[in-house]
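Novice: Sharing a model that was predicted from the sequence below.
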Amino acid sequence: MRLSLNGVANILLTASAVAVAAAAVRKNSTTSRARDSSPANSAPRYIADWQDIAAQGHLIGDAAAPVKVMEFADLECPYCRQFHEQYVRDFGRNSKDVALIYVHYPLRMHRFARPAARAAECAGAQGRFGQFEGAVYDRQDSLGLKTWSSYARDAGVADTIAFTRCASDTSRVDRIERGLAAGNHLAISGTPTLLINGWLYPMVPFDSLPQLVAQFRAGHAPTDKETR
C-alpha cells in the first residue's frame, strides 16, 4: 500500500500529538502526586521524634507559639507556593498562636529545587531565610531566568557578595541533606507535607488549616483511636 506525502505527514503529525499528550499526562501525574493522597494513608499519625526533625528546619515566627506547623517543602513546587500564600494570608508572619518550621525537601524532578534550597541557606546565614523563601515564591515563575543574587536583593540580604560566593559553592549542605533524610525516613510522598505539633498529615486542604490550628490551640489533638 502506497501513501501519499499528505498521508505520511498526517501520520507523523498524529504520532507526534500522541507523544506530546502522553508526556503531558506523565508530567501532570508526577507533579500532582504532591497533593494526591488515598483514604488509606490520609489519616494523621504521630511522629514521636518530631522535635528532633524540627531542629533540622528554619523557624519562621514566634518560638513560643503553642502550635508549630512543620512543612517539608520545595521552593520550585507550585503547591508549596500556594501553601505559602495561604499560610501568610491566614496567619501572617508574626502570629502568637502558630509558627512555621520550614524543612528542606527538594524534589528530584525540579531542576532548580536544590540550588534554590542552597541559596535560601545562604540567605539564612545572614538572617533572611524567611524573606528569601517569600521572594522565591513571589517570583517562582522566574526560576532559571532570575539570578539568585537578584532574589537575595529582593529579600533584603545585605552582603550580596558573600551571598553569591555561598550560592555558587557546590559542596553539600548539611541542613538540606538532613531534611531529605528525615523526609525519606518518614516516607513522605510529596510536597508540601505537614506535621502539626508532631502529627503528620499526608494531605491537608489549605483552607482547613486555620480550623486544625484552632483545634490544636484548644488542646484537641488527634488520638490514636480517632485515626484508626
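Specialist: Now that the structure is in, tell me what you want to look at. Residues are numbered from 1 along each chain as shown.
Novice: all strands for the chain, in order.
Specialist: Applying DSSP state E to the chain gives strands spanning 45-46, 58-60, 67-73, 98-104, 193-196, 199-201.
Novice: Out of these, flag the one nearest D159.
Specialist: Across those, the minimum distance to D159, taken as C-beta to C-beta, is reached by strand 58-60, at 19.0 Å. The way it works is simple: take the backbone N, C-alpha and C, and place the C-beta from them, glycine included.
Novice: before we move on, the earlier item: reformat the strands of the chain as CSV; add mean neighbour count, distance to F163 and mean pLDDT.
Specialist: Shown next, in CSV, are the strands of the chain (neighbours: other C-beta atoms under 10 Å; distance: least, C-beta to C-beta, whole Å; pLDDT from 0 to 100):
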stretch, mean neighbour count, distance to F163, mean pLDDT
strand 45-46, 15, 39, 94
strand 58-60, 18, 16, 95
strand 67-73, 24, 21, 96
strand 98-104, 24, 18, 97
strand 193-196, 24, 29, 96
strand 199-201, 20, 34, 93
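Novice: could you dump those strands to JSON lines with distance to K146?
Specialist: What follows is the strands of the chain, written out as JSON lines (distance: least, C-beta to C-beta, whole Å):
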{"stretch": "strand 45-46", "distance to K146": "39"}
{"stretch": "strand 58-60", "distance to K146": "22"}
{"stretch": "strand 67-73", "distance to K146": "19"}
{"stretch": "strand 98-104", "distance to K146": "20"}
{"stretch": "strand 193-196", "distance to K146": "27"}
{"stretch": "strand 199-201", "distance to K146": "32"}
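Novice: Tell me which of those lies nearest to A162.
Specialist: Here strand 58-60 is closest among the strands of the chain (C-beta to C-beta), at 18.7 Å.
Novice: show me what contacts the spatially most central residue of the chain?
Specialist: With distances taken as C-alpha atoms, centre = their mean, A73 lies nearest the centre of the chain, 2.2 Å away. By C-beta atoms under 8 Å, 6 or more residues apart in numbering, A73 lies in contact with C80, F83, Y102, V103, H104, Y105, T191, P192.
Novice: Turn the residues you listed into CSV, including distance to F216.
Specialist: Converted to CSV, the contacts of A73 look like this (distance: C-beta to C-beta, whole Å):
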residue, distance to F216
C80, 21
F83, 17
Y102, 19
V103, 18
H104, 24
Y105, 22
T191, 22
P192, 18
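Novice: ok, of the residues you listed, which one's closest to A116?
Specialist: Looking across these and measuring by C-beta to C-beta, the closest to A116 is H104, at 9.5 Å.
Novice: doesn't G179 make contact with the closest one?
Specialist: Yes: contact criterion C-beta atoms under 8 Å: H104 and G179 qualify, at 3.7 Å.
Novice: Can you pull the residues that touch both of the two?
Specialist: Counting by C-beta under 8 Å, 6+ apart, the shared contacts of H104 and G179 are G57, F72.
Novice: Kindly report the domain assignment for the protein.
Specialist: If you go by automatic domain parsing, the domain ranges for the chain are 1-32, 39-227.
Novice: so how far is the last one off the chain centroid?
Specialist: Put simply, domain 39-227 sits 6 Å off its chain's centre (C-alpha atoms, centre = their mean, to the nearest Å).
Novice: Show me what counts as buried in stretch 151-166.
Specialist: Residues Y151, A152, D154, A155, V157, F163, T164, C166 are the ones in stretch 151-166 that count as buried (16 or more other C-beta atoms under 10 Å).
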